[in-house]
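Enquirer: Make a model of this:
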Amino acid sequence: MTLQSLLFCADEKIVRVLRRVLSDLDIGIDQSPDADSAIRKLTRQRYEAVIVDCTDEQAASQVLRSARTAPCNKRAVAVALIDGQNALRSAFDLGAHFVLYKPLSAERAKTSFRAARALMKRERRRNVRLPIEIPVNLVMNDGAGQQRTVTSDLGEGGMAVQSSHHSKKPGAIKVEFTLPGTTDAIHCIGEVAWENASRQTGIRFVDLAPETRDLLKAWLSNHSREAEPDDPPLVCKLTDLSLGGCYLEVNAPFPLRTRIVLTMRVGDLQVQAEGIVRVMHPEAGMGVQFAQKTSQQREHLDKFIQALTESRGVLPDLLVEPEGLDVSDQAPSVPTAGELGDPLLSLFCNSADLTTEAFLIELRRQRASNHQPA
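Expert: Got it, this is the predicted structure:
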């Protein structure tokens, strides 16, 4: 199933370059030369990506805002075409996830769109819902309430269940069910995402354990007609590491608030750690804060850091895969510098006013003071 993109751009030279690049990546293009037609399309059709030429910043803002408010496109990956470094911050303020600098190079565009395509695929797969009825047990309010019900659909990011009554913001919900045809029991935490008049409740999965996530992904892939393989992971270079996060050099970093899985290989050892992108510098790299909310996440992170420590200077092979964008209404909380006691994460937290060059200079200063190898 071909990925679809909406391109808002009137520059035929740019359009020709993007048609060639995206065709090679099996991404379809629906071009709109003016903002009005682009906005009409966004209200009627679903796209995995919205590509916007920011020459007219006001028009670009209208198109990106329309994508965020259209129910079928609010999770679309947004790519901004900008004139230079001076426009970088405004592009992200407009809601862009990736930026491409003009004049557009086919080679650089293909590199960026490979990363964008990996995220587009993951977002589409996360949104696929398999219609199926599965018995499920919901435990609410720390065990004070319990409900046996059935699902009406299931996906990587959550499920819809039949409900006999409307909930009253139960907070965290323990979700328990068994994948049909297997003995694989799924235990995770969920939260109410929506309710409708048909007595259905949408439950969003929160902090899935890595093993649970892999089981669910594999089962859905085997039973969904729309399943397609993920793109190969990105190869990155680790330059800086702390107990709370790391900085990775990569030509096409993932956007801010992308949840990722880091796989590290040293010799015969392979370990994984989860994280979220806190800092992103186009064509340079990204800063990742490690996820440490569950016991499984902490255990994986401990193995990850221990393996790096024991590698004795041997550079590991680092691969990064996106798990999806965090597009919740509220940004995930980031500890303050005082709470962190972690210079690397403190730098991530205080990087909003730093240019890419200033950030990298500070990163090198920290590395030198910690005697870290580059």
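
Enquirer: what sits against Gln292?
Expert: Each residue near Gln292 by C-beta atoms under 8 Å, 6 or more residues apart in numbering is listed here: Arg298, Leu301. From N, CA and C alone the C-beta is placed, and that goes for glycine too.

Enquirer: how close does it get to Val150?
Expert: Using C-beta to C-beta, to the nearest Å, Gln292 is found at 34 Å from Val150.

Enquirer: With Arg108 instead?
Expert: Distance from Arg108 to Val150, by C-beta to C-beta: 50 Å.

Enquirer: For the two, indicate the residue with more neighbours.
Expert: Arg108 (16 against 12; other C-beta atoms under 10 Å).

Enquirer: Do I have it right that the more buried one meets Phe98?
Expert: No: Arg108 lies out of contact with Phe98 (C-beta atoms under 8 Å); the separation is 11.4 Å.

Enquirer: All the strands of the stretch 151-300 of the chain, residue numbers only.
Expert: 158-162, 173-178, 185-195, 200-206, 234-241, 245-249, 258-266, 269-281, 285-290 (DSSP state E, counting those that start in this stretch).

Enquirer: Strand partners (parallel or antiparallel) of the fifth one?
Expert: What it means is strand 234-241. Sheet pairing of strand 234-241 (DSSP bridges) gives strand 245-249 (antiparallel), strand 317-325 (antiparallel).

Enquirer: likewise the fourth one?
Expert: Here strand 200-206 is paired, per DSSP bridges, with strand 158-162 (antiparallel), strand 185-195 (antiparallel).

Enquirer: what does it rub up against?
Expert: 138, 152, 156-163, 167, 172-173, 175, 188-195.

Enquirer: And it, how far out from the chain middle?
Expert: On the basis of C-alpha atoms, centre = their mean, to the nearest Å, strand 200-206 sits 19 Å off its chain's mean C-alpha point.

Enquirer: how much does it deviate in direction from strand 173-178?
Expert: 90 degrees (axes from the mean of the first three to the mean of the last three C-alpha atoms, to 10 degrees).

Enquirer: Determine the angle, from 0 to 180 degrees, between the lengthiest helix in the chain and strand 234-241.
Expert: In the chain, taking DSSP state H as the definition, the longest helix is helix 106-127. Calculated by the same axes, to 10 degrees, helix 106-127 forms an angle of 90 degrees with strand 234-241.

Enquirer: From one end of stretch 81-91 to the other, what's the distance?
Expert: Start-to-end span of stretch 81-91 (C-alpha to C-alpha, to the nearest Å) is 8 Å.

Enquirer: any idea how far Leu360 lies from Lys110?
Expert: From Leu360 to Lys110 the distance is 25 Å (C-beta to C-beta).

Enquirer: actually Ser90, not the one I wrote
Expert: 25 Å.

Enquirer: May I ask which helix or strand of the protein has the lowest mean pLDDT?
Expert: Here the helix or strand of the chain ranked lowest by mean pLDDT, DSSP states H and E is helix 337-340, holding a mean of 48.

Enquirer: Who are the packing partners of the helix or strand following that helix?
Expert: The C-terminal neighbour of helix 337-340 among helices and strands, as given by DSSP states H and E, is helix 343-349. Judged by 3 or more C-beta pairs under 8 Å, 6 or more residues apart in numbering; DSSP states H and E, the packing partners of helix 343-349 are strand 245-249, strand 269-281, strand 285-290, helix 337-340, helix 356-369.

Enquirer: do that again at 6 Å, thanks
Expert: Contact here means 3 or more C-beta pairs under 6 Å, 6 or more residues apart in numbering; DSSP states H and E; on that basis helix 343-349 packs against helix 337-340.

Enquirer: and stretch 41-57, how far apart are its ends?
Expert: Stretch 41-57: ends 19 Å apart by C-alpha to C-alpha.

Enquirer: Sounds good, over and out.
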